[in-house]
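Colleague: Test case, fold it:
(one chain, ligands or ions: 2)
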Amino acid sequence: MSRTRLHTLENPKSPVSEAFRTLRTNIQFSGIDKPINSLVITSTGPGEGKSTVSINIAVAMAQAEKNVLLIDCDLRKPSLHRTFTFNHLNGLTNILVEDMEYTDVLYEAEEIKGLHVIGSGPIPPNPAELLGSNKMKNFVEKMKNIYDMVILDAPPIGLVTDSAVLSTIVDGTILVCAVGEADINATKRAKELLDKVKANILGVVLSKVPINQGGYYRYHYSQYYDSSYYEYERTRKDNRRKKRGKAK
Ligand SMILES: Nc1ncnc2c1ncn2[C@@H]1O[C@H](COP(=O)(O)OP(=O)(O)OP(=O)(O)O)[C@@H](O)[C@H]1O
Ligand SMILES: [Mg+2]
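Modeller: Ligands and ions are numbered 1, 2, ... in the order given. The predicted structure follows:
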């Protein structure tokens, strides 16, 4: 069992946990007009930290006395069962395909009051189709009425359409970008894809930020930018690139 990703539970006073609490607050603030009660966490490529962010933001919210449901929607490469140790062969796909009751596949995290987790269930041959089905939409709607926050841990958006599909049935989408790993063009394409389906991109979590960068100590494990900041940065970089091009 690998519990290395449960920072907010195992080390609540660490700067890492503090960063996740800040993320929790930022998510709450982004829903002033329309409260955010469901989220998709995705990234451009694999291994950028989606599950780590999903798990820790779920724990941080449960610690703030919210009832939280975390669902492993990575039906190609599920991973939440490795952190919470449950049998992932009963989970979301059983609910969608076999009409199993969600209460029959629910894992209640013993040490984290208020956090429930649903694993992937058996890996299906048609994940995008299942995640894009009306059944999935209705299921998430039902869960939104039961829980204060529903968090969907999704696959990378650059590779498959699952996350774009999921982003249309939730209130907000968060893009995780790993420093030094995320490809800028692929990230732009991911953003365009999300815009195309009218996803509400709440912001970008910058993960794997080197702790000693630029000559001063940066202890943030993950940093959060809201989407307007992301837009601003993107335009600024594009302009700089254009200027450099002209100067040649
Ligand atoms: N902010 C971070 N800083 C350093 N390491 C991290 C960070 N976030 C995740 N990791 C590490 O990177 C690896 C991948 O993390 P994780 O499983 O959360 O990514 P993922 O995007 O869900 O991957 P996948 O695409 O396989 O589902 C893990 O070993 C994890 O411990
Ligand atoms: Mg993952």
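Colleague: neighbours of Ile146, just the number please.
Modeller: Using other CB atoms under 10 Å, Ile146 is surrounded by 11 other residues. No exception for glycine: its C-beta is placed from N, CA and C like everyone else's.
Colleague: Low-confidence regions, the chain specifically.
Modeller: Residue ranges of the chain with pLDDT under 70: 1-4, 212-239, 246-248.
Colleague: Assign a three-state SS to Lys198, would you?
Modeller: Secondary structure for Lys198, judged by DSSP: H, G, I helix; E, B strand; the rest coil, is coil.
Colleague: check contacts around it.
Modeller: Contact partners of Lys198, counting by CB atoms under 8 Å, 6 or more residues apart in numbering, are Thr168.
Colleague: Can you report phi and psi for the residue nearest the centre of the chain?
Modeller: What sits nearest the mean C-alpha location of the chain, by CA atoms, centre = their mean, is Ile41, with 1.7 Å. The phi and psi values for Ile41, taken as degrees, to the nearest 10, are phi -110, psi 120.
Colleague: ok, now Val176?
Modeller: Val176 adopts backbone torsions of phi -100, psi 130, taken as degrees, to the nearest 10.
Colleague: Okay, the residue nearest to the centre of the chain and ligand 1: tell me how far apart.
Modeller: Distance, Ile41 to ligand 1, by CB to the nearest ligand atom, to the nearest Å: 8 Å.
Colleague: Okay, strands next: where are they in the protein?
Modeller: Applying DSSP state E to the chain gives strands spanning 38-43, 68-72, 106-108, 115-118, 149-153, 172-178, 201-207, 212-213, 216-217, 222-226.
Colleague: Adding distance to ligand 2, write the ones you listed out as CSV.
Modeller: Formatted as CSV, the strands of the chain follow (distance: least, CB to the ion, whole Å):
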stretch, distance to ligand 2
strand 38-43, 9
strand 68-72, 8
strand 106-108, 17
strand 115-118, 13
strand 149-153, 6
strand 172-178, 10
strand 201-207, 12
strand 212-213, 25
strand 216-217, 29
strand 222-226, 15
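Colleague: need the residues of the chain near ligand 2, please.
Modeller: Within the chain, the positions adjacent to ligand 2 are 50-51, 79 by CB under 5 Å from the ion.
Colleague: from the residues you listed, which are also near ligand 1?
Modeller: Residues of the residues of the chain next to ligand 2 in contact with ligand 1 (CB under 6 Å from any ligand atom): 50-51, 79.
Colleague: neighbour-wise, which of the residues you listed leads?
Modeller: When neighbours are counted by other CB under 10 Å, Lys50 leads those with 27 neighbours.
Colleague: about what we covered before: which single one of the residues of the chain next to ligand 2 is nearest to ligand 2?
Modeller: Distance to ligand 2 across the residues of the chain next to ligand 2 (CB to the ion) is lowest for Ser51, with 3.3 Å.
Colleague: pretty sure the closest one contacts Ser43?
Modeller: No: with contact defined as CB atoms under 8 Å, Ser51 and Ser43 do not form a contacting pair (9.9 Å).
Colleague: got the residues of the protein near ligand 1?
Modeller: Taking CB under 6 Å from any ligand atom as the contact definition, the chain meets ligand 1 at 4-5, 43, 46-52, 74, 77, 79, 156, 207-208, 221-222.
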